[in-house]
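Novice: Kindly return the folded structure for what I paste below:
(one chain, ligands or ions: 1)
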Amino acid sequence: MCPESTAAKVPLSRRIPHTGESVPAIGLGTWQVFDVAGNAKETAQARETLQTFVNLGGRVVDSSPMYGSSESVTGRLAAEIGVGGKLFVATKVWTSGREAGIRQMEDSMRKLRVERLDLMQVHNLVDAQTHLATLRDWKKSGRIRYLGVTHYHAGAHVDLERIIAPGDVDFIQANYSLAEPEAGRRLLAAAAGSRTAVIVNRPFAEGAMFRRVSGKALPEWTREIGCATWAQYFSKWILAHPAVTCAIPGTRNPRHVADNVAAARDPLPDETMRRRMASHFASL
Ligand SMILES: NC(=O)c1ccc[n+]([C@@H]2O[C@H](COP(=O)([O-])OP(=O)(O)OC[C@H]3O[C@@H](n4cnc5c(N)ncnc54)[C@H](OP(=O)(O)O)[C@@H]3O)[C@@H](O)[C@H]2O)c1
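Specialist: Got it, this is the predicted structure:
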């Protein structure tokens, strides 16, 4: 195989500003879709999805104790497939109080079957200062590699911006998409300014964007940026923002995960093309 065609198959990667470490620009969200313990058919779908994701070069997997059995399903499947060592595992703490937070985070590590987490995030900023104090200690002692904060709603972007301003938070995770573009007003620039990595959640507005384009043809001009599907249109628009480190679409469908990873390829849209994509989406 020639080097060009090999390179074309490797997803684009982005550097985490605080360390320079590279991660693939498309990850995998597990909310709802990996909460499938006890359902053999759905667990088999999740296994095939995770296997496909890793085969195609994916690494970043995002979970939370809020997502039912998702953490334990992810940990079990990663062990069964033998890909645990390849993943960049992100989860969250979602409770109040220092001791409760520590218990929950230790529980998550057991479920995810890791001795050291790549990224622990404060979910929806719940008791953020308490957990960030614990996470700073855990980072020093090597129990986690990176710490972060998340939210899913534009109403909280101002709080995320305040928390990352000092520059000691490694990651924010926030909603950003053609349907929910508010992070583009200030938050993403603030993240770039504080050298904070950005994980984009809800890249498809929880699937609502597919309902909006249902039955509508992808415009011919999107071929210029290598879009084969609406998922790639939506994802390439996100990934073209220079502050974005990684987007994490949720899916348990192996074909969809392959489609999503394929969006992390050049060419990405320039600013003129991004504006065209936004106005076309707004017109639908
Ligand atoms: N506060 C927080 O920290 C927070 C909040 C929200 C989300 N998150 C994280 O972000 C992740 C993503 O957000 P989300 O799951 O809410 O929404 P999303 O990724 O915007 O959308 C998920 C939906 O898109 C569909 N989909 C995925 N890939 C597709 C493709 N290629 N073609 C067609 N449909 C596709 C999925 O259906 P199929 O299953 O049929 O593929 C699912 O219905 C979550 O899983 C979670 O890890 C974090």
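Novice: Output the set of residues of the protein in proximity to the ligand.
Specialist: Contacts of the chain with the ligand, taken as Cβ under 6 Å from any ligand atom, map to 29-31, 33, 62, 123-124, 150-152, 173, 201-207, 210, 231, 248-253, 256, 259-260. From N, CA and C alone the C-beta is placed, and that goes for glycine too.
Novice: ok, of those, which come out buried?
Specialist: In the residues of the chain next to the ligand, burial by neighbour count holds for 29-31, 33, 62, 123-124, 150-152, 173, 201-206, 231, 248-252, 256, 259-260, counting by 16 or more other Cβ atoms under 10 Å.
Novice: which stretches of the chain have low pLDDT?
Specialist: Within the chain, the stretches with pLDDT under 70 are 1-8.
Novice: Nearest residue to the middle of it?
Specialist: Taking Cα atoms, centre = their mean as the criterion, Ile248 is the residue nearest the geometric centre of the chain, at 2.8 Å.
Novice: what's the distance between it and Ala25?
Specialist: Ile248 sits 10 Å away from Ala25, taking Cβ to Cβ, to the nearest Å as the criterion.
Novice: can you check Asn253 too?
Specialist: Using Cβ to Cβ, we find Asn253 at a distance of 20 Å from Ala25.
Novice: Just want the phi and psi numbers for Val89.
Specialist: Main-chain torsions, Val89, degrees, to the nearest 10: phi -100, psi 120.
Novice: Look up the closest residue to it, ignoring the ones flanking it.
Specialist: Excluding its sequence neighbours, the residue lying closest to Val89 (Cβ to Cβ, 6 or more residues apart in numbering) is Asp118, at 5.1 Å.
Novice: hang on, that neighbour is in a helix, isn't it?
Specialist: No: Asp118 sits outside any helix when classified using DSSP: H, G, I helix; E, B strand; the rest coil, being strand.
Novice: who's in contact with it?
Specialist: 87-90, 144-146 (Cβ atoms under 8 Å, 6 or more residues apart in numbering).
Novice: Export these as a markdown table, with columns for distance to Thr272.
Specialist: Shown next, in a markdown table, are those (distance: Cβ to Cβ, whole Å):
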| residue | distance to Thr272 |
| --- | --- |
| Leu87 | 36 |
| Phe88 | 33 |
| Val89 | 38 |
| Ala90 | 33 |
| Ile144 | 40 |
| Arg145 | 38 |
| Tyr146 | 34 |
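Novice: out of those residues, who's nearest the ligand?
Specialist: The shortest approach to the ligand among the contacts of Asp118 belongs to Ala90, at 8.4 Å (Cβ to the nearest ligand atom).
Novice: Look at that closest one and tell me its secondary structure.
Specialist: strand.
Novice: what bridges to it?
Specialist: Beta-bridge partners recorded for Ala90 (DSSP bridges): Asp62, Leu119.
Novice: For the helix or strand encompassing Ala44, list every residue counted as buried.
Specialist: Using DSSP states H and E, Ala44 sits in helix 40-55. Using 16+ other Cβ under 10 Å as the test for burial, helix 40-55 gives 42-43, 45-54.
Novice: dump the residue contacts of the residue nearest to the centre of the chain.
Specialist: So Ile248 contacts 26-29, 60, 62, 173, 199-201, 203 (Cβ under 8 Å, 6+ apart).
Novice: May I see the residues you listed organised as JSON lines, with distance to Val114 and secondary structure added?
Specialist: Formatted as JSON lines, the contacts of Ile248 follow (distance: Cβ to Cβ, whole Å; DSSP: H, G, I helix; E, B strand; the rest coil):
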{"residue": "Ile26", "distance to Val114": "21", "secondary structure": "strand"}
{"residue": "Gly27", "distance to Val114": "16", "secondary structure": "coil"}
{"residue": "Leu28", "distance to Val114": "16", "secondary structure": "strand"}
{"residue": "Gly29", "distance to Val114": "18", "secondary structure": "strand"}
{"residue": "Val60", "distance to Val114": "14", "secondary structure": "strand"}
{"residue": "Asp62", "distance to Val114": "14", "secondary structure": "strand"}
{"residue": "Gln173", "distance to Val114": "18", "secondary structure": "strand"}
{"residue": "Ile199", "distance to Val114": "18", "secondary structure": "strand"}
{"residue": "Val200", "distance to Val114": "23", "secondary structure": "strand"}
{"residue": "Asn201", "distance to Val114": "21", "secondary structure": "strand"}
{"residue": "Pro203", "distance to Val114": "25", "secondary structure": "coil"}
